[in-house]
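Chemist: coordinates only, sequence not included:
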Ligand SMILES: Cc1cc2nc3c(=O)[nH]c(=O)nc-3n(C[C@H](O)[C@H](O)[C@H](O)COP(=O)(O)O)c2cc1C
């Protein structure tokens, strides 16, 4: 099975989670009655670098992003727009499942719901979504350089 982990990350939190997830999946031990993770191909790429060939050859997509103002950031919506098949390329193939994850400093608002709705026209079907609480990076914009928050 081909698993594509793709993400947008402004300051590194989401990239960290995406790479950690890829590392854990690659290292997963085979469990009784389950195939070894090594039977899977796991790739981890920033969303800006994902092209059509990778998307069409993928069985599961994990899409990660930071919450910006209780929503997903523009590069994620750009990715969603790119994933709407042209009418001439419409297919009856089943939609590819997507697992959404977002990193946040405090509250995600309706970001997952809004993004799930935006993805209804794409080749993807949102199967699950999780939010992950991280150290918020927005305070870096306003806090004193060298102060406790920067450390
Ligand atoms: C411009 C900006 C807006 C943000 N808005 C929110 C927000 O509405 N809710 C929240 O919980 N975190 C918010 N954050 C914090 C980020 O979502 C959080 O730090 C995230 O993990 C950053 O991920 P990244 O390092 O991959 O960019 C914001 C951060 C920035 C820079």
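Modeler: Structure received. Fair warning: this is a prediction, and the values are worked out from it, not measured in the lab.
Chemist: Show me which residues of this protein sit near the ligand.
Modeler: Where the chain comes near the ligand, counting by C-beta under 6 Å from any ligand atom, the residues are 9-15, 66-70, 103-108, 134, 136-138. Quick note: C-beta positions are derived from backbone N, CA and C, even for glycine.
Chemist: average pLDDT across stretch 49-60?
Modeler: Confidence for stretch 49-60, expressed as mean pLDDT, is 90.
Chemist: Could you pick out the buried ones from the residues of the chain next to the ligand?
Modeler: Neighbour counting with 16 or more other C-beta atoms under 10 Å marks 9, 11, 13-15, 66-68, 103-104, 108, 134, 136-138 as buried within the residues of the chain next to the ligand.
Chemist: what's the farthest-apart pair in those residues?
Modeler: Largest separation among those by C-beta to C-beta: 15 and 108, giving 18.1 Å.
Chemist: Go through the protein and flag its longest helix.
Modeler: Longest helix of the chain, by residue count under DSSP state H: helix 13-27.
Chemist: ok, residues contacting that one?
Modeler: The contact list for helix 13-27 (C-beta atoms under 8 Å, 6 or more residues apart in numbering) reads 3, 5-9, 37-38, 40, 42-44, 46, 62, 64-66, 101-103, 132, 134-135, 137.
Chemist: Give the buried residues for it.
Modeler: Residues 13-15, 17-18, 21-22, 25 are the ones in helix 13-27 that count as buried (16+ other C-beta under 10 Å).
Chemist: same check, this time on stretch 40-56
Modeler: For stretch 40-56, the neighbour count (16+ other C-beta under 10 Å) marks 42, 44, 47, 50, 55 as buried.
Chemist: If the first one is in a bridge, with which residues?
Modeler: For residue 42, the residues forming beta bridges with it (DSSP bridges) are residue 3.
Chemist: what's the spacing between it and residue 48?
Modeler: Residue 42 sits 19 Å away from residue 48, going by C-beta to C-beta, to the nearest Å.
Chemist: Output the lowest mean pLDDT helix or strand found in the chain.
Modeler: None of the helices or strands of the chain scores lower by mean pLDDT, DSSP states H and E than helix 52-56, at a mean of 86.
Chemist: out of the contacts of helix 13-27, which are inside strands?
Modeler: Among the contacts of helix 13-27, the ones falling in strands (DSSP state E) are 3, 5-7, 42-44, 46, 62, 64-66, 101-103, 132.
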